[in-house]
Each structure stands twice: as C-alpha cells, then as structure tokens.
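>>> Pasting a predicted model and its sequence here:
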Amino acid sequence: MIRIFLFSLIILVIPPVFSQDFYPDHDAEILRGEVRIDMEPIYGLAVEEKYPLDTEALHRRALEEAAMFYSAMIYGWSFHYDIGERARGIAEEFELTPLGSIPWGDPGLFATDAQLRDMRFHLWTDYRLTDAQKRRTAIWRSDTVRNLQAVGHGGPLGGNGDWMSIRQDVLKDAARTAVRAMLRQDERNRPREVSGFICLAAFPQYRMEGGQWAASARFRFQVTEIVPFAAY
C-alpha cells in the first residue's frame with residue numbers, strides 16, 4: 001500500500017515534461033522511456049484477467065514492461081537466424097537468448113511521470129545505470145554496431161496469450177525483420193544462417209495493425225558470423 005501511495009503521489013505532483021522524440025543516446029548516465037498500457041482489452045479473446053485493470057495492476061504491468069525494455073537496451077540478446085528457403089525445404093527459425101535482465105524492484109528504475117489518456121495509462125520512467133551497465137551501453141554505441149528500424153507483428157486478433165508474451169513475441173519478430181533487412185542490404189546471395197548480438201536502441205511503440213499487434217522498434221546489432229549455403 002505504501003508503494004501504491006507513493007506512486008500515486010508521483011502522478012499528482014510531476015507534470016509531463018518529456019518528448020516522445022527523446023532517445024537514450026542523449027545521456028550516458030540515465031536511460032529514459034515511456035510505456036503505454038491499455039486499461040481495457042482491444043484484441044479479441046486474448047484476455048487472461050479481468051478488465052478494466054485496477055490501479056495496482058496498471059502500475060505493476062507498466063513497471064514490468066519498462067524493466068523488460070531496459071533489459072533489452074542494456075544487455076540485449078545473442079541471436080541465431082536460420083534464414084530458411086522454401087525451395088530447399090529449409091524452415092526459417094529466429095532465436096533470441098537474453099544476455100541479462102533487470103529484476104523486479106531494481107533500485108535504478110524510477111517512475112517520473114504518469115497520465116491516463118483515452119483509456120490508456122502512460123508511464124515515463126528513468127533508469128540510472130551502474131558503472132558496469134555504462135560500459136555495456138558504451139559498447140552498444142560503438143562504431144562497429146549497426147542501427148536499423150523495423151516493424152514486427154504477432155498476437156493475432158482472437159488469439160490467446162498473456163500480455164507479456166505477446167509483447168515479447170512481437171518485439172522478437174521486429175528484431176528478426178531488422179536482421180533480415182540488413183542481410184538484404186549487405187549480402188548479394190541469401191546466406192544459410194547468421195549469428196550475432198542485438199539490443200533495443202529505444203522503447204518500442206506498439207499498435208494494432210490489420211488485426212494483429214505491431215511493434216516499431218529501433219535496434220543496434222553486430223553480426224559475428226554469416227554462413228553461406230556453399231558451406232553445406
């Protein structure tokens with residue numbers, strides 16, 4: 001109850017001061033991002049709980065989602081992508097393995113501004129980096145790391161799944177799309193598989209598109225291995 005009271009106090013006393021165009025590159029000490037939580041279901045039967053969400057559920061969900069995004073920005077994932085080819089009967093498969101995570105209650109995560117607009121809960125957060133995390137983010141921002149924007153899709157209308165799994169699956173598809181777009185730019189011939197590391201550059205934006213969830217996300221990634229079909 002104390003946490004809920006303090007969170008409510010933050011909502012009352014802090015005005016909205018952050019621009020949606022803000023990107024975390026501007027500050028080496030603090031990362032910043034906004035999450036948006038729907039108070040009522042808007043996607044068919046994919047509901048695992050009672051709606052509308054109460055205040056406590058909104059706050060917890062928003063902070064859990066922020067922690068997930070900060071984990072992806074600071075630690076990222078290793079990835080392995082079997083490109084696949086229908087003519088050869090090779091299935092496409094994209095795997096992400098998290099390289100670290102921010103736990104619930106991490107002292108570096110702060111809520112800075114919250115608003116209710118159009119049945120959506122908007123929460124701005126800051127994450128204060130430790131020295132070790134600063135070194136990680138510095139590597140992600142080095143000249144050897146590529147940047148690319150991509151859109152992923154998932155969570156079909158009327159499908160089943162909890163909110164976090166849907167968020168993760170759509171973000172994973174956006175990462176796959178980003179890697180695939182990079183390969184199309186750089187590789188004359190379709191490779192058999194590719195491996196490397198990838199992270200979020202900023203919080204993604206989710207929306208409904210054609211009966212599915214869509215996520216627009218900017219990634220940083222580094223390819224460590226490309227295996228051509230000729231190697232098989």
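Received the coordinates, thanks.
>>> longest helix in the protein, by residue count?
Longest helix in the chain by number of residues (criterion: DSSP state H): helix 163-186.
>>> what comes into contact with it?
Applying CB atoms under 8 Å, 6 or more residues apart in numbering, the external contacts of helix 163-186 come out as 46, 48, 61, 64-65, 68, 72, 77, 79, 81, 83, 94, 96, 146, 148-155, 161, 190-191, 194, 196, 198, 200, 204, 206, 213-217, 219, 221, 223, 226. C-beta here means a position set from N, CA and C on the backbone, and glycine is covered the same way.
>>> what about Glu209, how many neighbours?
Residues near Glu209, counting by other CB atoms under 10 Å, number 12.
>>> cool, the one 3 residues further on as well?
Neighbourhood size, Gln212 [other CB under 10 Å]: 18.
>>> returning to that earlier point: quick check: buried residues in the longest helix of the chain?
163, 166-180, 182-183 (16 or more other CB atoms under 10 Å).
>>> need the contact list for Cys199.
Counted by CB under 8 Å, 6+ apart, Cys199 has contacts 72-77, 140, 219-221.
>>> what's near enough to touch the residue nearest to it when sequence neighbours are not counted?
Closest residue in space to Cys199, ignoring its immediate chain neighbours: Gly76 at 3.0 Å, by CB to CB, 6 or more residues apart in numbering. Applying CB under 8 Å, 6+ apart to Gly76 gives the contacts 98-99, 140, 197-200, 220.
>>> Please repeat the previous calculation with a cut-off of 10 Å.
With contacts defined as CB atoms under 10 Å, 6 or more residues apart in numbering, Gly76 is in contact with 96-100, 136-137, 139-140, 175, 197-200, 219-222.
>>> low-scoring stretches of the protein, by residue?
Low-confidence segments of the chain (pLDDT under 70): 1-27, 41-51, 156-161, 230-232.
>>> Okay, strands next: where are they in this protein?
For the chain, the strands defined by DSSP state E occupy 30-38, 77-82, 93-98, 109-117, 120-128, 146-154, 193-200, 205-209, 212-227.
>>> closest to Asp54 out of these?
Asp54 lies closest to strand 120-128 among the strands of the chain, at 11.0 Å (CB to CB).
>>> Dump the C-alpha coordinates for the closest one into PDB.
This file holds the C-alpha atoms of strand 120-128, laid out as PDB (Å, rounded to 0.1, in the frame of the first residue of the first chain):
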ATOM      1  CA  ARG A 120      -4.500   4.200 -21.700                       C
ATOM      2  CA  PHE A 121      -2.000   4.500 -18.900                       C
ATOM      3  CA  HIS A 122       1.100   6.400 -20.000                       C
ATOM      4  CA  LEU A 123       4.200   6.000 -17.800                       C
ATOM      5  CA  TRP A 124       7.500   7.700 -18.300                       C
ATOM      6  CA  THR A 125      10.400   6.100 -16.500                       C
ATOM      7  CA  ASP A 126      14.100   6.700 -15.900                       C
ATOM      8  CA  TYR A 127      16.800   4.000 -15.400                       C
ATOM      9  CA  ARG A 128      20.000   5.100 -13.700                       C
END
